[in-house]
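> dropping the sequence and predicted coords here.
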Amino acid sequence: MPGGDATQSASVETYLLANTDELVSLYDESFHLIECSAKHRLTYDVDSLVDATLWHVYPELLAPSTKSAVELVLSSGLPRNVEVANAKTGDRRTLTVFRSPRGLGVVEADGKSSLRGTYSPAENDRALLFHQATHDVLTGLPNRRQFSDQLRSALPVSKGVKFALMQIDLDDFKPVNDTLGHGAGDTVLKMAAERIRNVLGEQEFAYRLAGDEFAVIQRRNNQPREAERLAEALVGAFRAPFTVEGINVFVGASVGIAVAPSDGNEFEQLMKAADIALYAAKEEGRHRARKFNRAMLMVLEQRETLRRSLRTALKDGQFFVEYQPLVQPPFSIAGFEALLRWRHPVVGIIPPNVFIPMAETDGLMSEIGQWTLEQACREAMTWPSHFSVAVNLSPAEFLHAGLTDRIAQTLDLVGIRAERLELEITESVLLERTINNLDTLNTLKMLGVQISLDDFGTYYSSLSYLKNFPFDTIKIDQYFIKDLETDSKSQTIVRSVIALAHGLGMSVTAEGVETAEQATWLKKAKCNRLQGYFLGKPMSPEEIGAFLNKLMPPVPFENFPMPRAMRPLDPRRV
């Protein structure tokens with residue numbers, strides 16, 4: 001407490017110690033005993049303790065709920081009455097914990113203490129208002145304001161001192177809000193805050209910054225080892241599901257770590273370092289912790305350069321489309337899937353899994369997707385009239401207003417029949433705005449467009465999607481195809497998906513077919529269409545004619561010609 005408040009609090013401490021026969025003890029911010037009243041000294045024989053801390057004197061306070069209450073007093077300045085029970089006798093006591101200039105003070109009462117009224121109603125009201133201004137109402141954790149004040153006051157650190165900042169972001173939290181409602185989301189946030197509290201030890205403080213963003217400040221010198229230990233514990237605390245209204249939901253945590261002073265000794269520097277580390281954790285697959293290093297900054301700068309280039313890529317004609325064959329057993333071409341590519345003038349070919357998330361984040365995907373759709377439909381008009389063209393719709397594009405109108409206009413503009421167009425969506429787009437999604441899919445069906453559920457089996461794979469949404473085709477992800485010849489589990493899963501789809505009146509496409517044996521197995525399992533490098537690599541529009549000429553007349557899978565250049569297989573279809 002600055003100024004007069006500190007003087008007033010110090011005088012209160014002096015008065016309590018000198019003039020009371022109560023149990024009063026004072027501790028520093030590391031919870032080490034500084035001073036205590038005579039009665040307290042005799043009762044707890046503190047002189048015999050090698051290391052007298054709050055936890056030695058009151059081990060009951062180590063329980064998660066009471067420990068968090070103590071740390072809350074230290075971080076907020078708001079006094080709290082904490083009820084504890086003696087582990088041996090069962091006697092209940094009230095501990096009034098208050099903020100002192102040097103740390104914490106504790107007054108122990110048995111229900112008759114004259115000190116229970118130490119704080120007047122006016123002082124309690126002021127403390128309550130202060131608490132509300134500096135704490136999150138939902139979780140009870142200190143808020144962004146309190147976090148900023150404490151981090152700024154700790155920086156720059158003095159020589160030889162180290163501490164860590166951790167930024168925590170919840171993974172897969174948005175689907176909880178979207179599917180179960182904001183009430184369920186609030187429940188998960190409260191439980192998430194409690195899990196974070198339960199992991200923390202001495203000199204570790206948690207904050208809620210906003211939404212599903214949290215932070216932890218760790219005041220320990222053994223860095224980065226201590227920070228990495230705590231971060232892994234935080235990630236581990238989120239592996240178990242949250243149960244909300246009888247429903248288990250899985251919400252993980254990604255953690256970015258920055259250590260002062262090595263990663264930054266000013267507020268903005270340390271915040272940026274932790275944020276970059278968090279971004280790296282997300283990019284590497286989420287549900288993990290990453291410590292900041294300079295290489296991350298270089299990667300981020302490169303990505304920002306690409307992001308700036310992406311804004312002009314469409315105007316500069318840097319996008320192009322390749323087409324991969326869709327094959328129907330015993331062997332005939334059913335059509336092609338359109339695959340978007342970006343040829344950067346300096347970097348070269350950039351994979352879609354790199355630039356499409358950027359385009360979605362920057363709101364560019366609708367325009368890029370519209371160009372891809374029109375380009376693919378125009379190319380399909382040069383193919384045999386029974387060939388279909390499959391085009392991927394990103395989640396951002398699917399949720400953009402006016403999608404169905406744009407697709408209808410494209411069909412009219414190009415003159416292609418609607419049934420020749422197949423739109424591929426992933427399960428992730430169905431997690432948001434469920435009613436609107438159903439309306440969009442039904443409108444597309446009324447236009448005559450075919451709808452495919454892409455990458456089935458790798459996301460949520462909820463059977464309710466197959467019941468509630470009007471799909472024409474399920475695409476089995478290549479993950480289940482790559483070991484199909486040898487893995488009995490993959491064989492069972494693929495057979496089951498094919499039977500399920502056929503039972504629902506849907507066709508099945510298998511992705512990632514790379515060998516004749518896989519193709520033959522899928523043919524026997526009555527898979528409707530196959531796609532993969534064995535059957536044809538992605539090719540330019542100019543190569544399609546030559547490719548089709550080679551296949552006349554059709555040949556069985558076991559005799560299907562595969563050029564030597566195609567034999568080193570690309571493990572990803574992008």
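Alright, I've got the coordinates. None of the values given here were measured: they were computed from a predicted structure. Numbering: from 1, shown residues only.

> now the strands: where do they sit in the stretch 101-250 of the chain?
Assigned by DSSP state E, counting those that start in this stretch, the strands in the stretch 101-250 of the chain fall at 103-109, 163-171, 204-210, 213-218, 242-244, 247-249.

> show me what the fourth one is packed up against.
Helices and strands touching strand 213-218, by 3 or more C-beta pairs under 8 Å, 6 or more residues apart in numbering; DSSP states H and E, are helix 144-154, strand 163-171, helix 182-199, strand 204-210, helix 225-237. Bear in mind the C-beta positions are built from the backbone N, C-alpha and C, glycine included.

> which parts of it are buried?
Neighbour counts over strand 213-218 (16 or more other C-beta atoms under 10 Å) mark 214, 215, 216, 217, 218 as buried.

> quick one: pLDDT of the first one?
As summarised for this prediction, residue 214 has a pLDDT of 97.

> what about stretch 25-41, start to end distance?
End-to-end distance for stretch 25-41, by C-alpha to C-alpha, to the nearest Å: 9 Å.

> so what's the gap between that stretch and the chain middle?
Counting by C-alpha atoms, centre = their mean, to the nearest Å, stretch 25-41 is centred 43 Å from the centre of its parent chain.

> if we can go back for a sec, out of the buried residues of strand 213-218, who's nearest residue 165?
Comparing the buried residues of strand 213-218 against residue 165 with C-beta to C-beta places residue 217 closest, at 6.0 Å.

> I figured that closest one hits residue 205, correct?
Yes - because the distance of 5.0 Å satisfies C-beta atoms under 8 Å, residue 217 is recorded as touching residue 205.

> any common contacting residues for these two?
residue 150 (C-beta atoms under 8 Å, 6 or more residues apart in numbering).

> hang on, the earlier thing: out of the strands of the stretch 101-250 of the chain, the one nearest residue 186 is which?
Between residue 186 and the strands of the stretch 101-250 of the chain, the tightest spacing by C-beta to C-beta is seen for strand 242-244, at 9.8 Å.

> I'd like the distance from the closest one to the chain centre, please.
Offset of strand 242-244 from its chain centre (C-alpha atoms, centre = their mean): 17 Å.

> centre-most residue in the protein?
Central residue of the chain (C-alpha atoms, centre = their mean): residue 171, 2.4 Å from the mean position.

> show me the contacts for the residue nearest to that one when sequence neighbours are not counted.
Distances taken as C-beta to C-beta, 6 or more residues apart in numbering put residue 252 closest to residue 171, at 3.9 Å, once the chain neighbours are dropped. Contacts for residue 252 (C-beta under 8 Å, 6+ apart) come out as 170, 171, 172, 235, 238, 239, 286, 287.

> for the lengthiest helix in the chain, packing partners?
Counting residues, the longest helix found in the chain (DSSP state H) is helix 294-313. If contacts are counted by 3+ C-beta pairs under 8 Å, 6+ apart, helix 294-313 sits against helix 267-283, strand 332-344, helix 352-361.

> let's see that with 6 Å instead.
With contacts defined as 3 or more C-beta pairs under 6 Å, 6 or more residues apart in numbering; DSSP states H and E, the packing partners of helix 294-313 are helix 267-283, helix 352-361.

> what angle do the last one and helix 267-283 make?
Helix 352-361 and helix 267-283 are oriented at 130 degrees to each other (axes from the mean of the first three to the mean of the last three C-alpha atoms, to 10 degrees).

> what's the mean pLDDT across stretch 483-494?
The average pLDDT for stretch 483-494 rounds to 92.

> before we move on, what about stretch 218-230?
pLDDT averaged over stretch 218-230 gives 92.

> in the protein, which segments are predicted with low confidence?
Low-confidence segments of the chain (pLDDT under 70): 1-21, 49-50, 76-77, 86-90, 100-102, 109-133, 430-435, 457-462, 464, 552-574.

> try it again at 50.
Scanning the chain for pLDDT under 50 picks out 1-12, 111-127, 433, 563-574.

> run a quick neighbour tally on residue 480.
For residue 480, the number of neighbouring residues by other C-beta atoms under 10 Å comes to 22.

> count the residues that sit near the closest residue to it other than its chain neighbours.
Leaving aside its sequence neighbours, residue 480 sits nearest to residue 490 (C-beta to C-beta, 6+ apart; 4.9 Å). Residues contacting residue 490 under the criterion other C-beta under 10 Å number 17.

> which residues are in contact with residue 490?
480, 483, 484 (C-beta atoms under 6 Å, 6 or more residues apart in numbering).

> closest to residue 29 out of the residues you listed?
The closest of the contacts of residue 490 to residue 29 turns out to be residue 480 (C-beta to C-beta; 55.1 Å).

> for that closest one, give me phi and psi.
phi -90, psi -10 (degrees, to the nearest 10).

> got it, and the one 3 residues further on?
The phi and psi values for residue 483, taken as degrees, to the nearest 10, are phi -120, psi 30.

> relative to residue 230, how far out is it?
With the distance defined as C-beta to C-beta, to the nearest Å, residue 483 ends up 38 Å from residue 230.

> next: residue 424.
Applying C-beta to C-beta, the value for residue 424 to residue 230 is 42 Å.

> comparing the two, which residue is more hemmed in?
Ranked by neighbour count (other C-beta under 10 Å), residue 424 and residue 230 place residue 230 first, with 22 against 19.

> so what's the closest residue to the more buried one other than its chain neighbours bridging to?
With sequence-adjacent residues excluded and distances taken as C-beta to C-beta, 6+ apart, residue 230 is closest to residue 218, at 5.9 Å. Using DSSP bridges, the bridge partners assigned to residue 218 are residue 164, residue 204.

> and residue 391, by the same measure?
Legend: beta-bridge partners of residue 391 under DSSP bridges are residue 338, residue 423.

> state the distance from it to residue 406.
12 Å.

> show residues contacting stretch 210-224.
Stretch 210-224 has contacts (C-beta under 6 Å, 6+ apart) with 147, 162-170, 173, 203-209, 226-227, 230, 259, 291.

> and these, which are buried?
If you count burial by 16+ other C-beta under 10 Å, the buried members of those come out as 147, 162-170, 173, 203-209, 226-227, 230, 259, 291.

> and residue 81, what helix or strand is that in?
Secondary structure assigned from DSSP states H and E places residue 81 in strand 80-85.

> now the angle between strand 103-109 and that strand, please.
Interaxial angle, strand 80-85 versus strand 103-109 (the same axes, to 10 degrees): 50 degrees.
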